[in-house]
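Chemist: Sequence and predicted structure are below.
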Amino acid sequence: MNRIPLYLANDFIDWGMREGVEMTQLKLQKLLYIFFARYLNVNGKRPFKDCPVKWPLGPVFPSVYQATKHFGAKPMTPLHDIEDGKVYFVARTDEKFRAVFQETVRCYGQMTASDLVKLTHSEILPHYQTAWSNPNINIGEFLTAKDVARDGGKLFESR
């Protein structure tokens, strides 16, 4: 199993706890997507193997959903590794991850989960079709890398 999405989830959860920002499962999924899209846009490659899937409330990383669904709509705490029970984060020395992470929380970390859902559904960006809103992609299908990378540029254009 690719653990990097879970380590990145811990980074967002930890950031939320330090900043007094409630991190719910829904908000986490949206921030992970924005991070993923921006990383793909800036670096020309995915930050990890997992790909976002179109779900009714926007893009979702199923592996992270499976690991966090027990939280429901409650605020989250860091995820412990199944094998050794420790909490892991993305390496603090990974400059590419850190730069995109900081940009993501600076621009979108304070938004509510429902505002982030509206963002991924194209309700905030006028005249723009996000990867999620692409009518050629059905619920349960992977979003295309090309569309996701485009989101990673568009979402940060005016920020």
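Modeler: That came through, no problem. If you're wondering where the values come from, they're calculated on a predicted model, not measured in any experiment. Numbers count the residues shown, from 1 in each chain.
Chemist: mind listing what residue 4 touches?
Modeler: Residue 4 makes contact with 47-49, 90, according to C-beta atoms under 8 Å, 6 or more residues apart in numbering. Bear in mind the C-beta positions are built from the backbone N, C-alpha and C, glycine included.
Chemist: Dump those residues into TSV; add secondary structure, distance to residue 112 and pLDDT as well.
Modeler: Converted to TSV, those look like this (DSSP: H, G, I helix; E, B strand; the rest coil; distance: C-beta to C-beta, whole Å; pLDDT from 0 to 100):
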residue	secondary structure	distance to residue 112	pLDDT
47	coil	24	95
48	coil	26	94
49	coil	29	93
90	coil	25	91
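Chemist: Out of those residues, who's the most crowded?
Modeler: The residue in those with the most neighbours, by other C-beta atoms under 10 Å, is residue 47 (23 neighbours).
Chemist: Once you drop chain neighbours, what's closest to it?
Modeler: Distances taken as C-beta to C-beta, 6 or more residues apart in numbering put residue 39 closest to residue 47, at 4.1 Å, once the chain neighbours are dropped.
Chemist: which strands and helices sit next to the host helix or strand of that neighbour?
Modeler: Using DSSP states H and E, residue 39 falls within helix 25-43. Packing partners of helix 25-43 (3 or more C-beta pairs under 8 Å, 6 or more residues apart in numbering; DSSP states H and E): helix 4-19, strand 58-60, helix 62-68, helix 95-108, helix 113-120, helix 145-157.
Chemist: Need the ones you listed in TSV (columns: mean pLDDT and distance to residue 81).
Modeler: Shown next, in TSV, are the helices and strands packed on helix 25-43 (pLDDT from 0 to 100; distance: least, C-beta to C-beta, whole Å):
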stretch	mean pLDDT	distance to residue 81
helix 4-19	96	8
strand 58-60	95	21
helix 62-68	94	10
helix 95-108	97	18
helix 113-120	92	26
helix 145-157	94	27
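Chemist: out of the ones you listed, deepest packed?
Modeler: Most buried of those, by mean neighbour count (mean count of other C-beta atoms under 10 Å): strand 58-60, with a mean of 23.
Chemist: so residue 156 sits right up against residue 106, yeah?
Modeler: No - using C-beta atoms under 8 Å, residue 156 makes no contact with residue 106, being 10.2 Å away.
Chemist: circling back: ok, how many other residues are close to the residue nearest to residue 47?
Modeler: Count around residue 39 with other C-beta under 10 Å applied: 25.
Chemist: Tell me the spacing between the closest residue to residue 111 other than its chain neighbours and residue 128.
Modeler: Excluding its sequence neighbours, the residue lying closest to residue 111 (C-beta to C-beta, 6+ apart) is residue 119, at 7.4 Å. Going from residue 119 to residue 128 by C-beta to C-beta, to the nearest Å gives 10 Å.
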